[in-house]
Each structure stands twice: as structure tokens, then as C-alpha cells.
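[1] predicted structure and sequence below. I'll ask about it afterward.
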Amino acid sequence: MKVTVVGAGAVGASCAEYIAMKNFASDVILVDIKEGFAEGKAMDLMQTASLNAFDTRITGTTGDYSKTAGSDIAVITSGIPRKPGMTREELIGINAGIVKDVSSNLIKHSPDVTIIVVSNPMDTMTYLVHKTTGLPKNKIIGMGGALDSARFKYRLAEALECPISDVDGMVIGGHSDTGMIPLTRLATRNSVLASEFLAEDRLEQVMEDTKVGGATLTKLLGTSAWYAPGAAVSGLVQAIACDQKKMFPCSALLEGEYDLDDICIGVPVILGKDGIEKIVPVDLSDAEKAKLQESAAAVKKTNGLLEL
Ligand SMILES: NC(=O)c1ccc[n+]([C@@H]2O[C@H](COP(=O)([O-])OP(=O)(O)OC[C@H]3O[C@@H](n4cnc5c(N)ncnc54)[C@H](O)[C@@H]3O)[C@@H](O)[C@H]2O)c1
Ligand SMILES: O=C(O)C[C@H](O)C(=O)O
């Protein structure tokens, strides 16, 4: 199993590290545009192999895509992150060109690759890869909901004053400060609805804290987060590589599902060896349906800025 990670920055390197630590891939190729950077990150990570007991070979390259040939899965993290006070959508001007260029280079050397898009604004970047590569729709997956759901569980456990392993919950919709839809109505603690334990206003607070999860970290760190993003990506990569048939909310191309068309947005999907193997329908309340339509309208507005 060969996995390419483009962008050896904060998220790309974290993702490569988690993949290696899980020890399911034979090779991880790190690619960056900055001279020597990916090679350096790969060497540093390889020097953890004996300490962390993994056999995955990590190789770095400065833009030589021939080294990525025959990749089964490729992750795109290349591009700029936001700074405090910015929205993810403001990154489109620089990141669209990078994502377009990188995906075309990947496909030249790995025509059957499955691509996981991470660069922001992620739903729009995922749509761009659909529009420009011609890859089948099951092979293009946007990572956002897996991370947002992890943050939702963190906030739920905080409110419930319980271990995170006790809680379950999912975030659908656009990966943006206003477009995320944490499904508080369905969130549980050991199969009991969270609403049995928490008052409506506390659940509202959990929802709001979840939606601004990325912005909160960006303010604290001066750049956006990387540990949870890297871990979330590695989870998607493992589900595909190991044909796990696991369910994650991912940005998927919708063609009528959830009453949406010609858009990539976060919905629950089953991930296995064929990438997105199924889009899972969830019976949403009228209020949740309205929020999803509103979130989709905002993603479509950003998609409208693409030069396709
Ligand atoms: N979808 C999500 O949930 C999520 C989570 C975290 C970050 N992100 C996004 O991921 C992206 C990367 O974030 P980061 O914190 O790792 O940034 P970073 O600046 O640490 O790393 C980005 C790397 O991309 C490289 N790069 C730029 N252009 C390139 C090109 N054409 N080819 C190869 N490499 C190139 C840069 O040299 C840099 O090393 C940002 O757009 C950020 O907003 C998304
Ligand atoms: O917040 C960001 O800009 C990065 C990423 O989308 C995140 O949610 O951490």
C-alpha cells in the first residue's frame, strides 16, 4: 500500500506520522515544493521508526512526482493555512491553483489513485478536484467532518464531564465556521441521548464551540491546527487501505442525495477499498434539513469563485 502526502507542512507531516505509527502502509511519499523540506521531514520521521516500532518507509521529494507513481491513495494538504481572524474561504485565491496543479501531477503518475482533499476551503477544493481530474466520484473524498466530529465529541465530553470514549456524535454540512451542523439531537453518551443529560442551552453551546473549533485553535496557535487534522486524515486513509467499511462524515459529490446536486459537502459515507462505497442517508429533522440547505448555498457561493 503506497500513500502519497502532498504538502510536508504541519498537517501533511502529522498525517504521515500517524499513518506510519499505525503500520498498515508499506510506503509513504511526502512531496513539497520547498527545496529539501519533504526530504528533511521524511528523514526525521524515519528516525522515529525504531523508537515507535513501525516498518512503513517514508520518503521525501521536492516536487518529483515520478516518486509517487503507483500510489493507491494520495492526500492533498498543500497550500496556505489561515491566520487568526481569517475565514477558510479567504484561502481560495492561492489554494485553488495549488490543488489543481497538484491533483493533475498526481494523476499523471497514479491514474487509479484515490484522492483525499484537505486544503481549504476544503469542500470547494474537493469540488475543484472533481471538476478538473475526471476521476470517478467515489475516488475523491474531502476531509472535514471526521475532524469536526472529533471536536464535537471533545466538547460533548467536556459538557457531560465524562471520558471522550463515552460519547458519540457526528457533524455534517460544510467545513466552515458557520456551515457545520453538529447533530446534537442524535448525540449520545453510551446509547443514551445527550439531551437527557444536558439542557438545551448547554447543547447549543457545545454546537457553537464545535463550529468555531478551527478558528479557536487558529487564534491560540497563530496558524491552524495539525494534530487532530493529521489523525483524522490517517483514519480515512486506513479505512480505505484496510477496506474497513467505516462510516465517517466526508465531503462527497452529491447528485440528488440530501436534495442536493452538483456540490461536495459533508455527509456520512462508508469508506472501504473503493473509496466512498456508499452515501448514507440520515433522517434529518426539518430544522437540520434547512441548515444543510443553507450550508450548501454558502459552499456553492464559494464554488462560484472557481475559474473552471
Ligand atoms: N480540511 C481540514 O479539516 C483541514 C485541517 C487543517 C488544515 N487544513 C488546511 O490544510 C492546508 C495545509 O495546512 P498546514 O497547516 O499543513 O500548512 P503548512 O503551511 O504547514 O503546510 C503547507 C505545505 O504545503 C506546501 N506547498 C505549497 N504549495 C505546494 C505545491 N504546489 N506542491 C507541494 N507542496 C506545496 C508548503 O511548502 C508547505 O510546506 C491549509 O490549506 C489548511 O487550511 C485543512
Ligand atoms: O481552521 C482551519 O483553518 C483549519 C482546519 O480547517 C481546521 O478545522 O482545523
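    Everything's here; your move. Numbers count the residues shown, from 1 in each chain. Ligands and ions are numbered 1, 2, ... in the order given.
[2] spatially nearest residue to Ser176, not counting backbone neighbours?
    Arg88 (5.9 Å; Cβ to Cβ, 6 or more residues apart in numbering). Heads up, the C-betas are built off the backbone N, CA and C, glycines and all.
[3] quick check: pLDDT value at the residue of the chain found nearest ligand 1.
    Residue of the chain nearest ligand 1, by Cβ to the nearest ligand atom: Gly9 (1.8 Å). With respect to pLDDT, Gly9 scores 98.
[4] could you count how many residues lie near it?
    Using other Cβ atoms under 10 Å, Gly9 has 19 neighbouring residues.
[5] residues contacting it?
    By Cβ atoms under 8 Å, 6 or more residues apart in numbering, the contact list for Gly9 reads Asp32, Thr77, Ser78, Pro81.
[6] what does Gly230 give?
    Here Gly230 is in contact with Val11, Gly12, Ala13, Ser14, Cys15, Ala16, Glu17, Tyr18 (criterion: Cβ under 8 Å, 6+ apart).
[7] so whichever residue of the stretch 151-300 of the chain sits closest to ligand 2 versus Asn52, what's the distance?
    Closest to ligand 2 within the stretch 151-300 of the chain is Gly214: 2.3 Å, counting by Cβ to the nearest ligand atom. Using Cβ to Cβ, to the nearest Å, we find Gly214 at a distance of 28 Å from Asn52.
[8] just to revisit the earlier point, out of the contacts of Gly9, which comes closest to ligand 2?
    Looking across those and measuring by Cβ to the nearest ligand atom, the closest to ligand 2 is Pro81, at 6.0 Å.
[9] the closest one is in what secondary structure piece?
    According to DSSP states H and E, Pro81 maps onto no helix or strand at all.
[10] report the secondary structure state of the residue nearest to it when sequence neighbours are not counted.
    Once flanking residues are discounted, Pro81 sits nearest to Ser224: 4.2 Å by Cβ to Cβ, 6+ apart. Under DSSP: H, G, I helix; E, B strand; the rest coil, Ser224 falls in the coil class.
[11] check contacts around Ser224.
    Per Cβ under 8 Å, 6+ apart, neighbours of Ser224: Ala10, Pro81, Arg82, Asn120, Gly214, Leu217, Thr218.
[12] so between Gly214 and Asn52, which is more surrounded?
    Gly214 (26 against 11).
[13] just to be sure, the more buried one is in a helix?
    Yes: counting by three-state DSSP, Gly214 is found in a helix.
[14] I figured it hits Thr87, correct?
    No: counting by Cβ atoms under 8 Å, Gly214 sits too far from Thr87 to count as a contact (9.9 Å).
[15] shared neighbours of these two, anything?
    Counting by Cβ under 8 Å, 6+ apart, the residues touching both Gly214 and Thr87 are Asp177.
[16] picking that back up, of the contacts of Ser224, buried ones?
    Neighbour-count burial (16 or more other Cβ atoms under 10 Å) is assigned, among the contacts of Ser224, to Ala10, Pro81, Arg82, Asn120, Gly214, Leu217, Thr218.
[17] excluding its backbone neighbours, what's nearest Ala53?
    Leaving aside its chain neighbours, Ala53 sits nearest to Asn23 (7.7 Å; criterion: Cβ to Cβ, 6+ apart).
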